[in-house]
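Colleague: Show me how the following folds:
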Amino acid sequence: MEEYNDYKEFPRPDGKSVRVVFELFKNEILYHYCEFRHDANSEWISMKRDEDGYHSYTVKDADGKEREEKVFFPTLEEIANASDEINKKYNILSI
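Modeller: Residues are numbered from 1 along each chain as shown. Below is the predicted model:
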């Protein structure tokens with residue numbers, strides 16, 4: 001198991017979730033990125049932070065009408081917490 005991913009998930013209001021995904025190689029974190037899903041039945045999708053700290057996206061309702069939604073991007077504290085948890089889980093020394 002040389003290259004693999006792991007993540008830490010954070011709940012958001014209205015059944016939404018965000019997660020910080022870490023790309024690992026051997027026992028080193030190469031980089032991380034953030035994903036979201038609209039609800040438990042949705043796929044995970046990459047997210048980009050707006051100026052106001054949210055990720056904006058559109059969803060279709062049951063009638064097929066599109067509406068804009070927002071989900072709060074992971075905070076710096078959440079990202080640091082996720083990184084610490086991954087470091088501990090895989091005994092990675094942080095520098």
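
Colleague: For the spatially most central residue of the chain, list the residues it contacts.
Modeller: The residue lying closest to the centre of the chain (CA atoms, centre = their mean) is Arg19, at 2.4 Å. Contacts were defined as CB atoms under 8 Å, 6 or more residues apart in numbering; by that measure Arg19 touches 7-10, 34-36, 44, 74. No exception for glycine: its C-beta is placed from N, CA and C like everyone else's.

Colleague: Out of these, name the ones that lie in helices.
Modeller: If you go by DSSP state H, these have nothing in helices.

Colleague: Now restrict those to buried residues only.
Modeller: Neighbour-count burial (16 or more other CB atoms under 10 Å) applied to the contacts of Arg19 gives 7-8, 10, 34-36, 74.

Colleague: Now do the strands in this protein.
Modeller: Here the chain has its strands, by DSSP state E, at 3-11, 17-25, 28-37, 45-46, 54-60, 66-72.

Colleague: so the fifth one versus strand 66-72, what angle?
Modeller: Regarding strand 54-60 and strand 66-72, their directions subtend 150 degrees when assessed with axes from the mean of the first three to the mean of the last three CA atoms, to 10 degrees.

Colleague: Quick check, Phe25 in contact with Glu3.
Modeller: Yes. Counting by CB atoms under 8 Å, Glu3 is a contact partner of Phe25 at 5.1 Å.

Colleague: Contacts for stretch 8-16 next, please.
Modeller: Taking CB under 8 Å, 6+ apart as the rule, stretch 8-16 contacts 17-20, 36-40, 71-72, 74, 78, 81-82, 85-86.

Colleague: Quick one: residues contacting Val59.
Modeller: 38, 66-67, 69.

Colleague: related to what we said a few turns ago, tell me which of the strands of the chain is the most buried.
Modeller: strand 17-25 (a mean of 18; mean count of other CB atoms under 10 Å).

Colleague: chain center to it, what's the gap?
Modeller: 6 Å (CA atoms, centre = their mean, to the nearest Å).

Colleague: Walk me through which strands it pairs with, and which way each runs.
Modeller: Its sheet considered, strand 17-25 pairs with strand 3-11 (antiparallel), strand 28-37 (antiparallel) by DSSP bridges.
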